[in-house]
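Q: Could you look at this predicted model? Sequence included:
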Amino acid sequence: MELSKEVRQQLLDFQKNEITEYHIYKKLAKSIKERENAKILDQIAEDELGHYEDWKKYTNEEVKPNKWTIWKYYLISRIFGFTFGIKLMESGEKSAQANYDQIREYVPEIDNWIKDENEHENALIDMLDEERLQYAGSVVLGLNDALVELTGALAGLTLALQNVELIALSGLITGIAASLSMAASEYLATRSEKTDKHPVRAAIYTGIAYIFTVAILIAPYLLFDNYFLDLALALTSGVIIIAVFNYYISVAQDESFKDRFVEMAGLSLSVAAFSFGIGYLIRIFLGVEI
């Protein structure tokens, strides 16, 4: 069947996508130290090359890869982890597959291609073993505890003290002490569990996530003199941290972004609102003026 100009262009776009992903996987495979992960990425790369050749049977044309896309996903994978980069890239490919409906009459075997491609690639991707995802639970623990505890503490301190220097000082002391406590607790918890996680690494991930969150939430109090503005900026920063991290986890671990985000954001803001009220009541009850 002769291809129309529009359908031919679609096939060329799919073909270009496959050869681009082939080069991405090959580039990542060369940069990864773990042999098993490198082998899996090499296998996926060869699959992508095979898909490229399948499309070429219909276009009878060689297509060059998109160099910008290669470097974009390579850098994303190196910075945020190859599992995140790969799954982000594959999610874009799945959305592109919605356009396959338009070319079924020209490529009868396309449904089999899609099924085989998805099943095989998903199986291979699930075999990938990345350290940073092994410790995602430790990062979640650090972030979640810092957000809940410190947003609550800052809300209460803001209304109770009404002094940005004292709020920042109290918040930093509370945050640093809590981060060390959480790191120690994670070390002991991981050590008592029968997992592949190293207790010291788990503690470090938890502590760093906690300290990072503390720094972001305290920053407004070090920059602006209006404590209500500082509290609003701290809460907004907390919501942004929750959104960014949960997007990362939702992509890397195939989980629901909305459910995780609503749960964490709702918990943090609820505790902050409750603590804000407690701070107001304590201030009135004790008659403290600073």
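A: Right, received. Where do you want to start? Residues are numbered from 1 along each chain as shown.

Q: Mind checking the pLDDT average for the helix or strand hosting Tyr210?
A: Counting by DSSP states H and E, the secondary-structure element that holds Tyr210 is helix 199-223. Helix 199-223 shows a mean pLDDT of 88 in the predicted model.

Q: Buried residues in the next helix or strand after it, which are they?
A: Moving toward the C-terminus from helix 199-223, the first helix or strand encountered (DSSP H and E) is helix 227-252. For helix 227-252, the neighbour count (16 or more other CB atoms under 10 Å) marks 227, 230-231, 233-235, 237-239, 241-242, 245-246, 248-252 as buried. (Each C-beta comes from the backbone N, C-alpha and C, glycine too.)

Q: give the contact list for Ile32.
A: Residues in contact with Ile32, defined by CB atoms under 8 Å, 6 or more residues apart in numbering, are 38, 41, 82.

Q: can you pull the contacts of the residue nearest to the last one when sequence neighbours are not counted?
A: Nearest in space to Phe82, with sequence neighbours left out and distances taken as CB to CB, 6 or more residues apart in numbering, is Leu28 at 5.5 Å. The neighbourhood of Leu28, defined by CB under 8 Å, 6+ apart, consists of 41, 74, 77, 82, 85-86.

Q: could you redo the last one with a cut-off of 7 Å?
A: Residues counted as contacts of Leu28 (CB atoms under 7 Å, 6 or more residues apart in numbering) are 41, 74, 77, 82.

Q: could you say which helix or strand contains it?
A: Here Leu28 is covered by helix 5-31, with elements defined by DSSP H and E.

Q: What average pLDDT does that helix get?
A: With pLDDT averaged residue by residue, helix 5-31 scores 87.

Q: Relative to the whole chain's centre, how far out is the next helix or strand along the chain from it?
A: Downstream of helix 5-31, the next assigned helix or strand under DSSP H and E is helix 35-59. The gap between the average C-alpha position of helix 35-59 and the chain average comes to 26 Å, counting by CA atoms, centre = their mean, to the nearest Å.

Q: Check which helices and strands helix 35-59 sits against.
A: Using 3 or more CB pairs under 7 Å, 6 or more residues apart in numbering; DSSP states H and E as the contact test, the elements touching helix 35-59 are helix 5-31, helix 110-127.

Q: For it, which residues meet the burial criterion?
A: So for helix 35-59, counting by 16+ other CB under 10 Å, buried means 37, 40-45, 47-49, 51-52, 54-56, 58.

Q: ok, now stretch 208-217?
A: Applying a neighbour-count criterion of 16+ other CB under 10 Å, one finds 209-214, 216-217 buried in stretch 208-217.

Q: Among these, which one sits closest to Phe274?
A: For the buried residues of stretch 208-217, the minimum distance to Phe274 (CB to CB) is 17.0 Å, reached by Leu217.

Q: residues contacting the residue lying closest to that closest one once chain neighbours are set aside?
A: Leaving aside its sequence neighbours, Leu217 sits nearest to Ala234 (CB to CB, 6+ apart; 4.6 Å). Contacts for Ala234 (CB under 7 Å, 6+ apart) come out as 151, 154, 217, 220.

Q: got any ranges where the stretch 101-250 of the chain has weak pLDDT?
A: Along the stretch 101-250 of the chain, the model assigns pLDDT under 70 to residues 101-102, 113, 116, 119-134, 137, 194-195.

Q: domains of this protein?
A: The chain breaks down into these domains under automatic domain parsing: 5-129, 132-286.

Q: which of these is buried the deepest?
A: Ranked by average neighbour count under the criterion mean count of other CB atoms under 10 Å, the domains of the chain are headed by domain 132-286 at a mean of 18.

Q: chain center to that one: distance?
A: Taking the mean C-alpha point of domain 132-286 and that of its whole chain, the gap between them comes to 17 Å (CA atoms, centre = their mean).

Q: Kind regards, and thank you for your time.
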